[in-house]
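Novice: model this:
(one chain, ligands or ions: 1)
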Amino acid sequence: MKNVVQPRTLKELISLRKIPYNSRKIERISKAYALAKKAHEGQKRKSGEDYFVHCVETAATLIKMGLGSITISAALLHDVPEDTDITLEEVEKEFGKEVAFIVDGVTKLGHVRLKGSIEEYYLDNLRKMFMAMAADIRVILIKLADRLHNMRTLEALSENKRFRIANETMEVFVPIANRFGIGEIKGELEDLAFKHLEPEKYKYTVELETEAYKQRSQYIKSAIKELKKELKNSGIKLLDVHGRAKRYFRLYKKLEKYEMNIDKVYDLVAIRLVVPTVAACYETLGIVHKKYKPLIGRIKDYISLPKPNGYKSIHTTVFGPEGKILEVQIRTERMHDEAEFGIAAHWIYTQGRTWTDIVLRREPKGAEVPEKELEWVQQLKQWHTETGGETDEFWRSIRFDFFKNHIFAFTPSGDVIELPESATPIDFAYRIHSEVGDRAMGARANGKMVSLDYSIHNGDLIDIVTSKEKKLPSRDWLKFVKTTHAQTKIKNTLRKGGVTVVNQM
Ligand code: MN
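Specialist: Model prediction:
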């Protein structure tokens, strides 16, 4: 019989945090740890280990992300009301309203209707996720950590169940983790789902990457050595430097694009340089390019133009040692933490503190998510109200708007508008204001006239030409707009203007 995993001790658990908890917080976590342990006593998981291991591992993921003691207590207790004799009221009595509210949210999220088609099932799940998100983001973070541990221990389940859970992970949980910018969880969930959905392809990719990585490890080492020296000579403080291997699923996707030719995957391994400031990032880019010639058209500046989920870094592909191609990623420590922990890192940083500040002082009070980070949640809420929202069509289209790759476009005054890929100037216009949409006559992209069904590219500057005389949108626009938002607005205005609109969604 294989070794059964023992739960981490309380001490092991809390020591996973980069910034130590103060004694009051430790006390809260320790109380939750003890209660969860007692409540799940005697319960086993399919793998043979104590059920309690699952609670501790769920909390462990969140502790590594730096979350506070309320979230961690709720994580430890997340399956208590559902699976043990201890009720939600008792949890509330012991830990207060906030912990109980989060635990309740996680429990409700678990009740997914199992009848109907797969499609309906995902929509239902998505709807629940969204509601929980609007109520408290911490519910979703716990759900993601819970799913991560379930995926790590999926082997113990029947093939059927494994497949269903892996599929759901890919369809619902991976996009949500991605939307929150939690690269760490997103990447691992995706690889674990890949492993169970496509075992052959997974095995092939792992073997290919292991071999390729071995071959490249030598020149990665020499590149790191050379770059360290260059930066030192220029007086740039290097906080961290490491090689990173590409995640398996991402690698497989890229291989598919290049007829399975691994030599065409330039970012199989990348070197990450972590420097103190944004200015140092650009300076470092210059130093890297002076040492190694860059490949033309491969410099991606996600600092000036971050990815929609907030990802920031500079990526460049260069001819490294021995003239071999190598990707270099440059970022600050904060960008690095945000790339791994996403929204959770924002909580800490937006309270005006860096990790170092926090180490020296105390952990931030509360866990308010800054309004700006949740703009897209607000937007969803608003659409939900506007459209009545309780139809499957609504959720189906949200699934499109919400998860589709996003692009950024600029207004003439430099404001950034986020849109789904292949959105049009009409989508852009309605995102600015309904009136701009209704009165749109034409559009310019980067100074050139374009048609109203033009596909906006990332970074385009869009200028909408409007007319005061024009009051109603054109019905034809419904044929090409890409966002639910624009569609809803157009229909509403047309109806108000007395034009009959046939529902074509
Ligand atoms: Mn659970």
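Novice: buried residues in stretch 200-218?
Specialist: By 16 or more other C-beta atoms under 10 Å, the buried positions in stretch 200-218 come out as 201, 202, 205, 206, 208, 209, 212, 216. Just so you know, the C-beta spots here come from the backbone N, C-alpha and C atoms, and that holds for glycine as well.
Novice: CA-only coordinates of that stretch in PDB, if you can.
Specialist: Output of stretch 200-218 as PDB, limited to C-alpha atoms (Å, rounded to 0.1, in the frame of the first residue of the first chain):
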ATOM      1  CA  GLU A 200      -1.500  10.300 -24.500                       C
ATOM      2  CA  LYS A 201      -0.900  13.800 -25.600                       C
ATOM      3  CA  TYR A 202       0.100  14.800 -22.100                       C
ATOM      4  CA  LYS A 203       2.600  12.000 -21.800                       C
ATOM      5  CA  TYR A 204       4.100  12.900 -25.200                       C
ATOM      6  CA  THR A 205       4.400  16.600 -24.200                       C
ATOM      7  CA  VAL A 206       6.000  15.800 -20.900                       C
ATOM      8  CA  GLU A 207       8.600  13.600 -22.500                       C
ATOM      9  CA  LEU A 208       9.400  16.000 -25.200                       C
ATOM     10  CA  GLU A 209       9.800  18.900 -22.900                       C
ATOM     11  CA  THR A 210      11.900  17.000 -20.400                       C
ATOM     12  CA  GLU A 211      14.300  16.000 -23.200                       C
ATOM     13  CA  ALA A 212      14.400  19.500 -24.700                       C
ATOM     14  CA  TYR A 213      14.900  21.100 -21.400                       C
ATOM     15  CA  LYS A 214      17.900  18.900 -20.600                       C
ATOM     16  CA  GLN A 215      19.500  19.900 -23.900                       C
ATOM     17  CA  ARG A 216      18.900  23.600 -23.200                       C
ATOM     18  CA  SER A 217      19.800  23.700 -19.500                       C
ATOM     19  CA  GLN A 218      23.500  24.300 -20.300                       C
END
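Novice: Phi and psi next, for residue 448.
Specialist: Backbone geometry at residue 448, expressed as degrees, to the nearest 10, gives phi -100, psi 140.
Novice: ignore the last one, residue 76
Specialist: phi -60, psi -30.
Novice: Before we move on, what's the pLDDT of it?
Specialist: For residue 76, the pLDDT comes out at 98.
Novice: before we move on, what about residue 107?
Specialist: 85.
Novice: Over to residue 417?
Specialist: Residue 417 is given a pLDDT of 77.
Novice: now swap in residue 504 and tell me
Specialist: pLDDT, read off for residue 504, is 43.
Novice: Likewise for residue 280?
Specialist: 94.
Novice: That one: what's it in contact with?
Specialist: Counting by C-beta atoms under 8 Å, 6 or more residues apart in numbering, residue 280 touches 236, 237, 332.
Novice: how near is residue 313 to the ion?
Specialist: 33 Å (C-beta to the ion, to the nearest Å).
Novice: List phi and psi for the residue lying closest to that residue once chain neighbours are set aside.
Specialist: Once flanking residues are discounted, residue 313 sits nearest to residue 331: 4.2 Å by C-beta to C-beta, 6 or more residues apart in numbering. Torsion angles at residue 331 (phi, psi; degrees, to the nearest 10) stand at phi -160, psi 170.
Novice: Pretty sure residue 331 sits against residue 339.
Specialist: Yes. Here residue 331 reaches residue 339: they are 7.3 Å apart, a contact under C-beta atoms under 8 Å.
Novice: Which neighbours do those two have in common?
Specialist: Jointly contacting residue 331 and residue 339 under the rule C-beta under 8 Å, 6+ apart are 312, 313.
Novice: Residue 191 touches residue 245, doesn't it?
Specialist: No. Using C-beta under 8 Å as the test, residue 191 is too far from residue 245 to be in contact (11.4 Å).
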